[in-house]
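J.: Make a model of this:
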Amino acid sequence: MRYSFYKPYSIYEQGKRPNQEDSIFPRHQEATAQDRIFILCDGMGGYEYGELASSTICESLSSYLLDKPVFSEGIFMEALQDSFRELVEKSKGMGNRMGTTLAFLAFTGKGCMAAHIGDSRVYHIRPSEGKVLYVSHDHSLVNDLYDAGEITEAEMKTSPQRHIITRAIRGGEKGHLSQPEIKHITDIRPGDYFLLMSDGMLENLETDDLLRLLVRQDIDDTGKMDWLRNATAGNADNHSAMMVHVAGVEDTDQCSNASAILPSSGNKRQSKKVDWWKAYFMALCVFVVILWLIMKYLF
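T.: Sure, this is the predicted structure:
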């Protein structure tokens, strides 16, 4: 499959915190319709600590993946391990306070891979059917208690334990990389939306609010992001979001049989190299044929 996208949009707000501990890739207002990798990290640990954790994972993970000509779940796990090692190295001597969540999307010729660690969320919404097709399951204590039937949904929102997460990427002397939850999505259609959101976006937003917003046809994507920005303007926590809107889906033989290839600069370099060798081989074949004809004519 070949997917095309409208320009992605992002929200990147500090809230009422003294510093911004969220990190996103592509950077705020720098995403283009050609991007296929999207990352959101929500740091924790207070001033400098959370910022270091989120920025290290976000930057290292994106750099590793963009340097590869293809994408797979295995390559993603390699990139995550490499990013984790970099965080541990950077955080030596800084105690055990720092960590970050992760929400991740990668689009390839085979579909989309979503991954998350912690309570940053991934959404897949289809406005044409009025459905939320996928929302990631928060790795949080209140979610575990709710799943066990020990608290109600209403109690989850006011629980003093609502900010305790059960999975994270932690740096410091006792660094730990939790297992990401991974979802492969192949049912992608024109008009679908994919969202990444830190928990700070969801202080006063419900999933139903997002669905009602995205099904609206009277405002474009810029207007929808403005609505989200206004709806979260009073939030206390850092809050970040990324919105990816599918423009088209093309079913081609080349794409359906190909490896999951990302449109990165690595692909362009590889393509040029392959084309050069093809030209060289063709020229050599022509030379050999001409030489054979000359030899046959003379002898």
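J.: a strand runs through Cys112, doesn't it?
T.: Yes: under DSSP: H, G, I helix; E, B strand; the rest coil, Cys112 sits within a strand.
J.: Wait, it touches Tyr193, no?
T.: No: with contact defined as CB atoms under 8 Å, Cys112 does not count as touching Tyr193 (12.0 Å). C-beta here means a position set from N, CA and C on the backbone, and glycine is covered the same way.
J.: Which neighbours do these two have in common?
T.: His124 (CB atoms under 8 Å, 6 or more residues apart in numbering).
J.: what sits up against stretch 154-168?
T.: 44, 99-101, 117-119, 138-146, 151, 176, 178-179, 199.
J.: what about 10 Å?
T.: 42-44, 53, 98-102, 116-120, 138-146, 151, 176-181, 199, 202-204, 206, 237 (CB atoms under 10 Å, 6 or more residues apart in numbering).
J.: In PyMOL, how would I select just the buried ones from the residues you listed?
T.: The PyMOL command for the buried members of those (criterion: 16 or more other CB atoms under 10 Å) is given here:
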select buried, resi 42+43+44+53+98+99+100+101+102+116+117+118+119+120+138+139+140+141+142+143+145+146+151+177+178+180+181+199+202+237
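J.: any chance you could map the helices in this protein?
T.: 49-66, 73-90, 141-147, 153-158, 207-214, 221-231, 253-257, 265-298 (DSSP state H).
J.: got the contact list for Ala114?
T.: 38, 103-106, 121-124, 134, 136, 180-185, 194, 196.
J.: Could you tell me which of those count as buried?
T.: For the contacts of Ala114, buried by 16+ other CB under 10 Å: 38, 103-106, 121-124, 134, 136, 180-181, 185, 194, 196.
J.: Can you tell me which of these end up in strands?
T.: Mapping these onto strands (DSSP state E) picks out 38, 103-106, 121-124, 134, 181, 185, 194, 196.
J.: Share the number of residues neighbouring Ser91, please.
T.: 23 (other CB atoms under 10 Å).
J.: Apart from its chain neighbours, what residue comes closest to it?
T.: The shortest distance from Ser91 to any non-neighbouring residue, by CB to CB, 6 or more residues apart in numbering, is to Gly171 (3.6 Å).
J.: Please tell me how far that neighbour sits from Asp199.
T.: Here Gly171 is placed at a distance of 20 Å from Asp199 (CB to CB, to the nearest Å).
J.: Hmm, Ser63 is touching Ser83, no?
T.: Yes: Ser63 lies in contact with Ser83 (CB atoms under 10 Å); the separation is 8.8 Å.
J.: who has more neighbours, these two?
T.: Neighbours per residue (other CB under 10 Å) separate Ser63 from Ser83, with Ser83 holding more: 26 against 14.
J.: Show the contacting residues for the nearest residue to Ile151 once chain neighbours are set aside.
T.: Nearest non-adjacent residue to Ile151, counting by CB to CB, 6+ apart: Leu145, 4.7 Å away. Residues counted as contacts of Leu145 (CB under 10 Å, 6+ apart) are Ile151, Thr152, Glu155, Met156, Ser159, Gln161, Arg162.
J.: Just give me the closest of those residues to Glu48.
T.: Arg162 (24.6 Å; CB to CB).
J.: how far does stretch 144-158 sit from the chain's center?
T.: Averaged C-alpha coordinates place stretch 144-158 at 28 Å from its chain's average position (CA atoms, centre = their mean, to the nearest Å).
J.: Tell me the span between the first and last residue of it.
T.: 15 Å (CA to CA, to the nearest Å).
J.: Output the lowest mean pLDDT helix or strand found in this structure.
T.: Ranked by mean pLDDT, DSSP states H and E, the helix or strand of the chain with the weakest confidence is helix 253-257, at a mean of 49.
J.: So, low pLDDT: which residues of the stretch 1-150 of the chain?
T.: Counting by pLDDT under 70, the stretch 1-150 of the chain has low-confidence residues at 47.
J.: Roughly how far does Glu13 sit from Ile188?
T.: Taken as CB to CB, the span from Glu13 to Ile188 is 29 Å.
J.: What of Gly223?
T.: 24 Å.
J.: In terms of neighbours, single out the busier of these two.
T.: Higher neighbour count among Gly223 and Ile188: Ile188, with 17 against 12, using other CB under 10 Å.
J.: okay but the more buried one is in contact with Cys112, surely?
T.: Yes: using CB under 10 Å as the test, Ile188 is close enough to Cys112 to be in contact (6.2 Å).
J.: Return the distance of Met94 relative to Arg189.
T.: From Met94 to Arg189 the distance is 46 Å (CB to CB).
J.: How about Leu177?
T.: With CB to CB as the criterion, Leu177 and Arg189 are 34 Å apart.
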